[in-house]
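[1] fold the following and give me the result.
(chains A and B)
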2 protein chains.
Amino acid sequence: MTQLIQAKSGVITPEMKIVAEKEYVSPELICSEIAAGRLVIPANKVHLASNLKPIGIGRAISTKINANIGASPLDSNDECELTKMNMALKFGADAIMDLSTGGDVDSCRCNLIDHCPAPVGTVPLYEMIMGGKPIEELTYDDILTVLQKQARQGVDFFTIHAGLLREHVPLAKKRLAGIVSRGGALLAKWMTYHQKQNPFYDIFDDICDIMREYDVCFSLGDGLRPGALADASDEAQFGELKVLGELTRRAWAKGCQVMVEGPGHVPYNQIEHNMKIQQELCDGAPFYVLGPLVTDIAPGYDHITSAIGATAAAVHGASFLCYVTPREHLGLPGLEDVKQGVIAYKIAAHAADVALGLPHAREWDDKLSTARANLDWETHLALAIDTETATRMHQERRLDKTDHCTMCGKEWCSVRISRDLKKD
Amino acid sequence: MTQLIQAKSGVITPEMKIVAEKEYVSPELICSEIAAGRLVIPANKVHLASNLKPIGIGRAISTKINANIGASPLDSNDECELTKMNMALKFGADAIMDLSTGGDVDSCRCNLIDHCPAPVGTVPLYEMIMGGKPIEELTYDDILTVLQKQARQGVDFFTIHAGLLREHVPLAKKRLAGIVSRGGALLAKWMTYHQKQNPFYDIFDDICDIMREYDVCFSLGDGLRPGALADASDEAQFGELKVLGELTRRAWAKGCQVMVEGPGHVPYNQIEHNMKIQQELCDGAPFYVLGPLVTDIAPGYDHITSAIGATAAAVHGASFLCYVTPREHLGLPGLEDVKQGVIAYKIAAHAADVALGLPHAREWDDKLSTARANLDWETHLALAIDTETATRMHQERRLDKTDHCTMCGKEWCSVRISRDLKKD
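    The predicted structure follows:
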């Protein structure tokens, strides 16, 4: 019995109640949104039975953000990933994806799930070919075996790249940047080698059965997400998206919860259209986007290029934002990269929630600005998204203990003058 | 003879030709846009005669960004400000404002102008009350004397807070954050004390005469810009904006070039309306905005909260973006803050230019992405907005000398696989 099946029968689960309370909406709304496929609660029964605090993802409620972590064969280890996870959660990540591609992945994953009150997602394809196994050797059995195992371990959502079909591969070859999704590239290689259809597509019904058993939520992967502005909104991307819509309906029919993944690199003026077309093709299933990055020119600063796109995306329909860290395109994120990525995305998600007028969203802004206007630095800094950094920056310029800063100095402080004017 | 007067007579100046060439448009277009008041070339005759390389500001051409620097009584000095200026120019600032409020301001300003090929702006009000002079003692003569002197020194644009009228002050008292513009707060204090109209408004025609003599461009200050989301788009803000429209037309009639300053803190969903209403009330005069910040919650990260708003603002009509540094609200920006602010704004301006489809705007993105797709790290990193940072980040994770990074490792590198697929 997944959340979707129960919602369709009108059953309000304890998880729906928890989500409703967090979001200041009624449990009935959560239930009807889930039934309509517009909202998911990624909550594997195993994780739920241990330490998961359920969250909802859907445009009827607040925007959620995900932080990708994980070891690679070249870097990191269990403890380091746990530290990254805790850093991400501390600054407001709503979900964590373990994208490990090296080390003891089972140990790393179980360790993260054990310590993570937020939903944990994975891209199971990675484990299927770990340890130097060529992608060409991937079998249907490998796929189902790994999915079974990870579902049993308590993973709450799986990225399943089932929408990139054989017929899309030639379209991707025309691109400036080709296929930049790791899963997408690997599957294109498999299909090209075997001259067969995407194996995840071929055994999609079997995959649904596993997902349903544990209520693992689908995150239908976009193997053809554009990796450069030049490739955005092209035939390859929208061809795959159409298939993701078909798979969404198939998964729903099997009782599974579904999110759909989206781009990537998209010029700012194409974001609204990208959001609307996903809603249309995927019948309102929650859209889980990576950025999008609104320019390609800024490796080292792609938490910023993508936070700009993420805000626009959330305002126009995306409900789940996958962070991009400053180290995107350059290497695996370290602890500080994780922090910077989460903060940029918390800003984007919050700005979108304010713009959408979600219940109570602006209270945080108003409280902080009230403290600022009262020259109440203690409350002001305590309410900052990153109190430690804001406090350090303020102290470096305070120079003495008085209640002003170096921006204007005491006599010219607009806040001080404004306060005096109010008293008149 | 200002650029505006000449444009109105159909004269194409050497400066218009330079701007046209930089922007891939015809000199005739630049001339007609200036004549219509929709484009300015802030180029004081004195600065032009020495080292100024003219730029154009207007929505028909690429988005420009400004970096505020300047000493305060509590911090900094000439040499430090020069270093900040050079840092800002290195990362793409199109203009510099010297907002010094302390130290030897004449020496600092002249030193900056002497070394700055970009237009330099100031808020002359600051010098009028320097050295502990109470704002209440400000006279009409003080205003004209300082404007004359700074115009003679070669300042290219002046922020003149002439639009905040006596009748607006009560409106600002209703606000959560009151008046957060330093100039606005000081003038509100003056008007309240003297029970008289804004002195800059009262002697606006005399100010125009000085501006015209040197072709100093007006930057009509928004003393009532909202300093909190709660105050955005309120009666005070739009009341002042209406007066700025009136002053724009008065300055044009006097032959002066005009930009109009804008907010501030504005929820994302109100940005488009804010841009449109300025264009309407100010007859298309270039809009010079500070951000806007789309949330108040992130002191320490306001280069990000505001780059999100700045991108949207530029797409919807603003043509000149005043940067906000990470230290905004917390203290005077240091060298690293200046760098971070400029980079965030260069990203915003460029993303907007790409979105608007400006000529050649996307070439930078396409070149960088082509290098990325070719695994040509040298070109990729050389084209990055901040080569040094991108290179450091890449090297920290390269681990060895091979042509891949820790993001995926060699075997799973999507770019590598994608390149191989293309060869098939």
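[2] find the closest residue to chain B in the stretch 201-350 of chain A.
    The nearest approach of the stretch 201-350 of chain A to chain B comes at residue A:331, 2.5 Å away (Cβ to the nearest Cβ). C-betas here are computed from N, CA, C, even on glycine.
[3] could you grab the helix/strand/coil label for that residue?
    Per DSSP: H, G, I helix; E, B strand; the rest coil, the secondary structure class of residue A:331 is coil.
[4] buried set for stretch A:7-22?
    Using 16 or more other Cβ atoms under 10 Å in any protein chain shown as the test for burial, stretch A:7-22 gives A:7, A:8, A:12, A:13, A:15, A:16, A:18, A:19, A:20.
[5] returning to what we had before: and the residue of the stretch 201-350 of chain A closest to chain B, its phi and psi?
    Main-chain dihedrals, residue A:331, degrees, to the nearest 10: phi 170, psi 170.
[6] tell me the pLDDT at it?
    Predicted confidence (pLDDT) for residue A:331: 90.
[7] quick one, strands of the stretch 301-424 of chain A?
    Per DSSP state E, counting those that start in this stretch, the stretch 301-424 of chain A carries strands over the ranges A:320-322.
[8] can you show me the helices along it?
    For the stretch 301-424 of chain A, the helices defined by DSSP state H, counting those that start in this stretch occupy A:302-316, A:335-355, A:363-373, A:377-383, A:387-398, A:414-423.
[9] doesn't residue A:52 fall inside a helix?
    No - assigned with three-state DSSP, residue A:52 falls outside any helix and is coil.
[10] and it, what's its pLDDT?
    The score at residue A:52 is 98. That number is its pLDDT.
[11] now do the same contact list for the residue of the stretch 201-350 of chain A closest to chain B.
    B:393, B:394, B:396, B:397, B:398, B:405, B:406, B:407 (Cβ atoms under 8 Å, 6 or more residues apart in numbering or on different chains).
[12] the fourth one: neighbouring residues, count only.
    Read that as residue B:397. Residues within reach of residue B:397, counting by other Cβ atoms under 10 Å in any protein chain shown, total 20.
[13] find the nearest non-adjacent residue to it, please.
    residue A:331 (2.5 Å; Cβ to Cβ, 6 or more residues apart in numbering or on different chains).
[14] same check, this time on the third one
    In this structure, residue B:396 finds its nearest non-sequential neighbour in residue A:331, 6.7 Å apart by Cβ to Cβ, 6+ apart.
[15] surely residue A:302 meets residue A:325?
    Yes - taking contacts as Cβ atoms under 8 Å, residue A:302 lies within contact range of residue A:325: 7.5 Å.
[16] what's the neighbour count on residue A:156?
    Using other Cβ under 10 Å, residue A:156 has 33 neighbouring residues.
[17] and the pLDDT at it?
    The model's pLDDT for residue A:156 equals 98.
[18] for residue A:153, which of the helices of the stretch 301-424 of chain A is the nearest?
    helix A:335-355 (22.5 Å; Cβ to Cβ).
[19] is the closest one positioned near chain B?
    Yes - Helix A:335-355 lies within reach of chain B by Cβ under 8 Å from any Cβ of the partner chain, at A:343, A:344, A:347, A:348, A:350, A:351, A:352, A:354, A:355.
[20] quick one, what contacts the second one?
    In this case it means residue A:344. Contacts of residue A:344 by Cβ under 8 Å, 6+ apart are A:303, A:304, A:306, A:307, A:323, A:324, B:301, B:304.
[21] chain B contacts on the stretch 51-200 of chain A?
    A:72-75, A:101-102, A:126, A:132, A:169, A:172-173, A:176-182, A:184-186, A:188-189, A:192.
[22] next step: those restricted to helices.
    Those of these mapping onto helices are A:126, A:169, A:172, A:173, A:182, A:184, A:185, A:186, A:188, A:189, A:192, per DSSP state H.
[23] I figured the first one was touching residue A:98, is that so?
    No - the pair residue A:126 and residue A:98 does not pass the contact test of Cβ under 8 Å, sitting 9.4 Å apart.
[24] and the residue in the stretch 51-200 of chain A positioned nearest to chain B, how far from residue B:366?
    Nearest residue of the stretch 51-200 of chain A to chain B: residue A:178, at 3.3 Å (Cβ to the nearest Cβ). Distance, residue A:178 to residue B:366, by Cβ to Cβ, to the nearest Å: 14 Å.
[25] with neighbour numbers in mind, choose between these two.
    It is residue A:178, of residue A:178 and residue B:366, that has more neighbours when counted by other Cβ under 10 Å, with 25 against 15.
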